[in-house]
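Chemist: below: sequence and its predicted model.
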Amino acid sequence: MAVALAPGLSRKLKKVLEARTDSPDLLASLNTLSSFYTNNNQQARRNLRSTIEKRALAINEEFLSASESAQKALDAVELEVAGLAECCDKIAKALNSCSAATGDIISTTERLKQELENTTQRQEIVSCFLRDYQLSQEEVNALREEELNENFFKALSRVQEIHANCKMLLRTHHQRAGLELMDMMAVYQEGAYERLCRCVTKLQRLINLKAYRSHTAETALALIQVIS
């Protein structure tokens with residue numbers, strides 16, 4: 001007469017019988033178990049579960065102890081990585097700032113270059129204007145000095161040249177400037193003509209005086225000859 005097993009025990013027995021004893025996992029487990037399960041007695045079999053759990057706990061503790069140094073190394077690496085990331089952020093911000101500053105410098109340089117070109121052009125225009133429509137200080141002084149020399153006549157010729165140039169301005173939209181310059185040159189020219197006139201008058205007087213003295217001397221010499 002067959003004995004009926006309890007349902008739970010029947011399932012466990014069936015599971016044990018169906019288990020493969022040649023599987024790599026089972027063989028590895030048995031090898032590990034044989035390393036610390038040496039006494040196969042009733043007390044040892046009762047404490048087998050507790051022994052396995054203690055063995056697992058000890059293995060976990062050994063793993064934690066062995067991995068502590070690795071964890072510290074990982075923490076150190078993580079700190080270094082965080083530091084490198086922070087440095088990279090600072091470098092990126094610095095590069096962005098430098099790029100913005102460089103852009104401003106380039107823009108300012110281009111603006112200043114354009115302003116320099118405009119100033120140079122204006123300076124050339126002013127130089128040409130002064131050359132064609134203004135007397136130099138030396139020429140003004142030559143027109144005002146009492147002595148009439150080569151510089152005086154050169155300055156007077158320059159006044160006449162500028163006066164002629166002003167007529168060209170009257171044909172443009174700078175008519176007012178042309179009229180003002182013509183008036184200024186007319187004043188210089190009138191003053192120069194007055195000085196020239198005074199000088200010519202003075203020279204004429206000197207010539208007449210010399211002629212008078214020469215005539216008087218000739219008359220006296222003729223009278224002396226007659227008396228003799």
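Modeler: In hand now; what should we look at?

Chemist: mind listing the helices in the protein by residue range?
Modeler: For the chain, applying DSSP state H gives helices covering 7-18, 24-36, 42-46, 48-133, 137-144, 150-169, 175-227.

Chemist: which other helices and strands does the longest one contact?
Modeler: Taking 3 or more CB pairs under 8 Å, 6 or more residues apart in numbering; DSSP states H and E as contact, the helices and strands that helix 48-133 lies on are helix 24-36, helix 150-169. (C-beta placed from N, C-alpha, C; glycine too.)

Chemist: worst average pLDDT in those?
Modeler: Among the helices and strands packed on helix 48-133, helix 24-36 carries the lowest mean pLDDT, at a mean of 67.

Chemist: what about Leu170, how many residues close to it?
Modeler: 13 (other CB atoms under 10 Å).

Chemist: so what's it closest to, chain neighbours aside?
Modeler: Of all residues not flanking Leu170 in the chain, Gly178 sits nearest, at 4.6 Å (CB to CB, 6 or more residues apart in numbering).

Chemist: and that neighbour, how close does it get to Ile125?
Modeler: From Gly178 over to Ile125 the distance is 16 Å, taken as CB to CB, to the nearest Å.

Chemist: more neighbours: which of those two?
Modeler: Gly178 (18 against 10).

Chemist: surely the more buried one meets Cys166?
Modeler: Yes. Using CB atoms under 8 Å, Gly178 and Cys166 qualify as a contacting pair, with a distance of 4.6 Å.

Chemist: phi, psi for Leu148 please.
Modeler: As for Leu148, its main-chain torsions (degrees, to the nearest 10) stand at phi -90, psi 110.

Chemist: make that His174, sorry
Modeler: The phi/psi pair for His174 (degrees, to the nearest 10) reads phi -100, psi 40.

Chemist: neighbours around Ala142, how many?
Modeler: Neighbours around Ala142, by other CB under 10 Å: 22.

Chemist: what does Asn141 give?
Modeler: Counted with other CB under 10 Å, Asn141 comes out at 13.

Chemist: ok, now which ones touch it?
Modeler: Neighbouring residues of Asn141 by CB atoms under 8 Å, 6 or more residues apart in numbering: there are none.

Chemist: separation between Leu116 and Gln134?
Modeler: 25 Å.

Chemist: quick one: distance of stretch 153-169 to the chain centre.
Modeler: 48 Å (CA atoms, centre = their mean, to the nearest Å).

Chemist: and that stretch, which residues are buried?
Modeler: Neighbour-count burial for stretch 153-169, with 16 or more other CB atoms under 10 Å as criterion, is recorded at 155-156, 158-159, 162-163, 165-166, 169.

Chemist: who touches that stretch?
Modeler: Under the contact criterion CB under 8 Å, 6+ apart, stretch 153-169 has outside partners 132-135, 138-140, 142-143, 175, 177-179, 181-182, 185-186, 188-189, 192, 196.

Chemist: ok, now stretch 121-137?
Modeler: By CB under 8 Å, 6+ apart, stretch 121-137 touches 143, 155, 158-159, 162, 165-166, 169, 181, 188.

Chemist: find the centremost residue of this structure, please.
Modeler: A centroid search over the chain (CA atoms, centre = their mean) returns Ile105, at 2.0 Å, as the residue closest to the centre.
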